[in-house]
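Enquirer: this one's sequence-less:
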């Protein structure tokens, strides 16, 4: 059932703290950035404090919301009018409801953990203060994104997280690869931003405003084509931010950033903003089935692409990044299914936030112990040396492959179910795709697990000749991992007990029960079989002692090679956009110089040349002058005669 | 007429500085710098006083003064400001002290930002001349925004060329005379067309019941109430006369080629004034004169102008991507930005006009800051080429940081000032001309490309050998760039500081210009009248 | 000349008859002859190589024109034309020609590219236009001068009445023009002396100074031209004691023009006479007056 | 013979004079050609005088002579001066004042 009219009440009392949720990390970032070197000593602590404070405020708000009835959990807080222009007024205002509350908790919670983790991870970095400043900036921007009560402010947050992502991917700016990856991420995201900004403009011209109240309440009365246009533009924005096909190429490169960044931004929170956007704009998508269909298609394609890429990567972070793409594909697929999928998309988003962050932190911990080597072919047998990492990583692994009763099982299963419940051909296609995705997920995650923690030692010396001495990471790093592992284990179950999560979100997103053509229990069993197949195949390839993992990657099948090259996404972009773009700019530079400026200079040169030629007529010979005078006189008389006649 | 001549005082203050510098003995020439700084700061103070004295709820034109100048031709010295002119005056008054501080060593024998090798000829650069001309230019720039007499406007419009020409030609880089002459010829050409149109307008007014007049208010009112009617073709020609002058100034494709040369050959300080303020006269003129005096022609030519503006936007951005010279790069970004401003002006909606005005200010701040930062880099390295840099952030993090902040403002990141204006411009255009706006949005991507690629090539990566030993920003440079960055951030969060002035001015633009003031037709009314029914 | 005057007389009497569209036979004859002469003269003026010939051609044209004036009843003007123009102005020309000594024939090769044919083209065009103008003008019958001339009792008194009444002011102004031009000519032709005139003493000292460096310099006065029974003109050279010719005794200009009169060599002296040193050859008794070029 | 013929003659003489001015280089000859042009004009004046039966044409011719005389005097003086300094009376030699 679609929710009733969107009518938040003005925030009072405790709910006026919403602004402070955003303000705390923002202030933290401002202090750390403006304070400069003076804050070096305690900067990381301030950063953690800001994140924790924000989380604490979020918790307070959460419990206050719980104290209200389900349909009265929607509050608007007007802070100030950001852009006051006649006929156009953009507020800086926040909207708190169950959906944004969920995100606030996820962002500040996982964010706080990763702040703490980073204290240890970045301990040896000279620019640790700046790192925390950027992290705080990210938190603030992300919170603006999820708490905004209008699309323009959402857009501001949207770009803000893009900036933070840019700064953090390129945090090690002295590495050209990092700088390039950062730039790429920003620019690809900007393509999505164009979509989002056009969507906002369409909303403005269609609804006379872009506040949620305007859009959600007036959308049902609007022209269907316009709504479809808005939906597609929103989808474009979501695709870029959530690394969905065809704007997926930046995410794998984004792994150049420090691992906590990958965990927080490129796994748990920022990349899921696209899902948030779609679910938040469910009113638009509810009206437009065509837009929804496209969303599901995008989700399904990305799901498969990510999974396939994840299978082929030897870089542990890139394998996980492929996995992230794939999992977000699931969420987008879920969101595209409409009211039957919104809730599960968000639920998967939250559980994914836990286990994927845990996995990334585990990967970071491994890298920390292995001299920042990321190649899994150089790992092996690490379970003995890094027990905590092994266990937490393993729990995250079980969660992601959807092993009951871990979190992933609950959320992913529901999405597969909902996909089948879509009905019709599309339901079958999407459902099967999701099922196949689950199989491949199980395969590549098992591969990662086996290559990293099991098998023989395949450690190598790094460039400086240091031998790897794997060791367990410090407490500040392991504790967040443990906490996230707890989340990966229990979150899904907790959410599913009595459909508590679905009930919580229902007032916002609405909910519809789907009717799967296959019995849900049967479907769960089929899913589990698929997972088991994937695990088994991976075990056969990588787990058995008889076939040790080669230190160098074998040539592999064409599909593997394609997957290693990100399924030629970059190659396509390079050929289609970069090369043509470079060619175009070069052509234009030439055209500007020779063409436009050439015309100008040519006119000038022509004038100058002809005047110096005319100058030659002034040859100093009086007879020559006399001739022209005489000729002129003749012409004058002739002209006079002609005029007279 | 107000009791205190606010505007004349503001305009005249820099001239006092010029006079003071003129009487300086030669051996005390160095004193020209503090005198110039002081004069420009006092002018800034007066400009702020203007803003305080300006009543935002009051009539459109305020602080007006008028004295007869050439009574035979009804020419007056009339100055007055509306909100639009006022914010531009404020921007000018802010930029000039910054530029003076940034140009502190530009006239030194070896300190010129563009001439690190310092040939002997360079040592002849006059310190007094530099600062006196900067101040003289300030007076003219303040005057041109304040002038409400069209003849006075024209005279100052042309007079700005004189100090600008000498600033480029005397203190610029190697090809400065080429650049200066090109600048001068281009602008003179535009100015002559405008002179013809000014005279044509005057003649048209003599044939109307209004009688001969150069006063903008009189003429605008006459156009509005129909007492001054021009034949359709006459109006179009006059419009074109004004518009081409402004398009050259702005600069719009295809009249833009003087700008890259002028900007890259001028000193960074001059480039700031050139692009930050002088070029704004073009877009300001379009907004005030073209739209209001020739409303029918404006509507007639709007599609053409928008096409040119869209071309400018995309073309400028693409060319910026292809540049290897930093100053030229910024110049081309400005071509792109001016395209957007023009789109805003000719969108003919309140959003577009407010956005365009805000954009003028924000562009002045962010591009000005970019020019100055590029100047700092050039003065350290002695090269304008992007390839000459690399890994600057490692040795000069403050420089890189401010550069990134300013660059992000230039690419219109929300939270920084340019975003507000760019979005308003695009929204305003989208209401009436969605296609133009959608083409305009490509600038969002392209801007990111040129700024970030530039940043990547100069600031990131391994430290280039030529960059080792770079000093970070010194105090003077911080004092130059700090205020600009602060303004960029503050105006990004609280643009209402300026919109308070601009909004009334835009809503008071006379009705005959036919600017859409209302928000777009909303489906809310539809659904309200149709009950809960679905739309069409 | 007298025939022409006669023709003029007859034409003048004929003119008294009143408005005409055609002239009498005398004037017709005069016109065709005079016109032919004047056109030929003009062509001669243009195309003769020597300036003196040009001047003579011009004088001829002017005289023809003077006759035309008279034939058309402008007797006074015709006389003035001959007296002032042909007499004074042309003489001035000739005088200047001689003064600056230009007698080298001017090369008629054109140096400015395209000037000649363009000039011919434009001149022909101009002439054609002028003739076209006259041909198309509605000129009407000729009123003749009889009434006008008779008004004050003759051509000259009538002119005087007009000149000193209606054109008095112009007349005065033209006198001012004449005076100014005379002054101008004086100023222009005057050569300002920039150094003090050198005294004879200085000149002599200078001469000896030059002689000290170059013995070929002659310090004594130049020899006078020869004075002989045959000739005593300035172009006759003196003879040196050995009988050879003293070139220096003839004016340099004449020398340059090769206008030195030759002398008939004296009969060759007897050998014993030659021995006593008188080798000079006095002019022979059979010396003719013809000019002879003397080899330098 | 029609008295108009004098006019045609005048036109021919004038054109010939002009042609001379244009093609001769000797300043004195050029001057003579100018005189020819003036005389041609005078002939036209006298003819017109006869045509209209008034003496004003003759007066005009008279003034033309005065002016011509003044002009010749000054012109010849200039030629002499120029000749003194340049040893040449060719109008083509005095061509320094050019581009």
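Expert: Okay, I see it. From a predicted model like this one, the values you see are computed outputs, not experimental measurements.

Enquirer: any idea which element residue B:431 lies in?
Expert: Secondary structure from DSSP states H and E places residue B:431 in helix B:417-432.

Enquirer: swap in residue A:614?
Expert: Residue-wise, residue A:614 maps onto helix A:597-615 under DSSP H and E.

Enquirer: same deal with residue A:92?
Expert: Assigned by DSSP H and E, residue A:92 falls in strand A:88-96.

Enquirer: quick one: is that strand near chain B?
Expert: Yes - contact between strand A:88-96 and chain B is present through residue A:88 (criterion: C-beta under 8 Å from any C-beta of the partner chain). Bear in mind the C-beta positions are built from the backbone N, C-alpha and C, glycine included.

Enquirer: so what touches that strand?
Expert: Here strand A:88-96 makes contact (C-beta atoms under 8 Å, 6 or more residues apart in numbering or on different chains) with A:8, A:11, A:15, A:18-19, A:22, A:61, A:65, A:74-83, A:147-150, A:152-153, A:204, A:209-212, B:350-351, B:424, B:427, B:519.

Enquirer: check stretch D:81-99 too.
Expert: Here stretch D:81-99 has contacts from A:615-616, A:618-623, C:100, C:102, C:106, C:111-112, C:188-189, C:191, D:25-28, D:30, D:79, using C-beta under 8 Å, 6+ apart.

Enquirer: how about stretch C:75-86?
Expert: With C-beta under 8 Å, 6+ apart as the criterion, stretch C:75-86 contacts C:8, C:12, C:59, C:62-63, C:65-70, C:155-156, C:159, D:35, D:39, D:42, D:46, D:58, D:61-62, D:65, D:68-69.

Enquirer: now those residues: which count as buried?
Expert: Burial by neighbour count, 16 or more other C-beta atoms under 10 Å in any protein chain shown: within the contacts of stretch C:75-86 this picks out C:8, C:12, C:59, C:62-63, C:65-70, C:155, C:159, D:35, D:39, D:42, D:46, D:58, D:61-62, D:65, D:68-69.

Enquirer: can you give me the helices in the stretch 101-250 of chain C?
Expert: All helices of the stretch 101-250 of chain C, identified by DSSP state H, counting those that start in this stretch, fall at C:115-136, C:146-151, C:155-163, C:168-189, C:200-213.

Enquirer: mean pLDDT and distance to chain B added to the ones you listed, as a markdown table?
Expert: Output for the helices of the stretch 101-250 of chain C, formatted as a markdown table (pLDDT from 0 to 100; distance: least, C-beta to the nearest C-beta, whole Å):
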| stretch | mean pLDDT | distance to chain B |
| --- | --- | --- |
| helix C:115-136 | 90 | 36 |
| helix C:146-151 | 83 | 54 |
| helix C:155-163 | 90 | 49 |
| helix C:168-189 | 91 | 39 |
| helix C:200-213 | 88 | 51 |
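
Enquirer: ok so residue A:126 is a helix residue?
Expert: No - going by DSSP: H, G, I helix; E, B strand; the rest coil, the assignment for residue A:126 is coil, not a helix.

Enquirer: phi first, then psi, for the one residue sitting closest to the centre of chain C.
Expert: For chain C, residue C:94 is the residue whose C-alpha lies nearest the centre (C-alpha atoms, centre = their mean; 2.3 Å). The phi and psi torsions at residue C:94 (degrees, to the nearest 10) take the values phi -60, psi -40.

Enquirer: now it, nearest residue through space, not along the chain?
Expert: Leaving out its chain neighbours, the residue that sits closest to residue C:94 by C-beta to C-beta, 6 or more residues apart in numbering or on different chains is residue C:55, at 5.5 Å.

Enquirer: ok, the one you found - contacts?
Expert: C:90, C:93-94, C:97, D:28, D:32.

Enquirer: try it again with 10 Å
Expert: C:45, C:48, C:90-91, C:93-94, C:96-97, D:28-29, D:32, D:35 (C-beta atoms under 10 Å, 6 or more residues apart in numbering or on different chains).

Enquirer: of the residues you listed, which belong to helices?
Expert: Using DSSP state H, the subset of the contacts of residue C:55 located in helices is C:45, C:90-91, C:93-94, C:96-97, D:28-29, D:32, D:35.

Enquirer: closest one of the residues you listed to chain A?
Expert: residue D:29 (11.7 Å; C-beta to the nearest C-beta).

Enquirer: for the closest one, which non-adjacent residue is closest in space?
Expert: Per C-beta to C-beta, 6+ apart, closest to residue D:29 is residue C:54, 5.1 Å.

Enquirer: shouldn't that neighbour be in contact with residue D:17?
Expert: No - using C-beta atoms under 10 Å, residue C:54 is not in contact with residue D:17; the gap is 11.8 Å.

Enquirer: identify the contacts common to those two.
Expert: With C-beta under 10 Å, 6+ apart, residue C:54 and residue D:17 have common neighbours C:45-46, D:32-33, D:36.

Enquirer: Serialize those to JSON lines and add fields for neighbour count.
Expert: Below are the shared contacts of residue C:54 and residue D:17 laid out as JSON lines (neighbours: other C-beta atoms under 10 Å in any protein chain shown):
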{"residue": "C:45", "neighbour count": "27"}
{"residue": "C:46", "neighbour count": "23"}
{"residue": "D:32", "neighbour count": "29"}
{"residue": "D:33", "neighbour count": "24"}
{"residue": "D:36", "neighbour count": "29"}
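
Enquirer: closest to residue A:486 among the residues you listed?
Expert: residue D:33 (120.0 Å; C-beta to C-beta).

Enquirer: for residue B:306, what are its contacts?
Expert: Contacts of residue B:306 (C-beta under 10 Å, 6+ apart): B:339, B:342-343, B:346-347, B:429, B:432-433, B:435-437, B:439-440.
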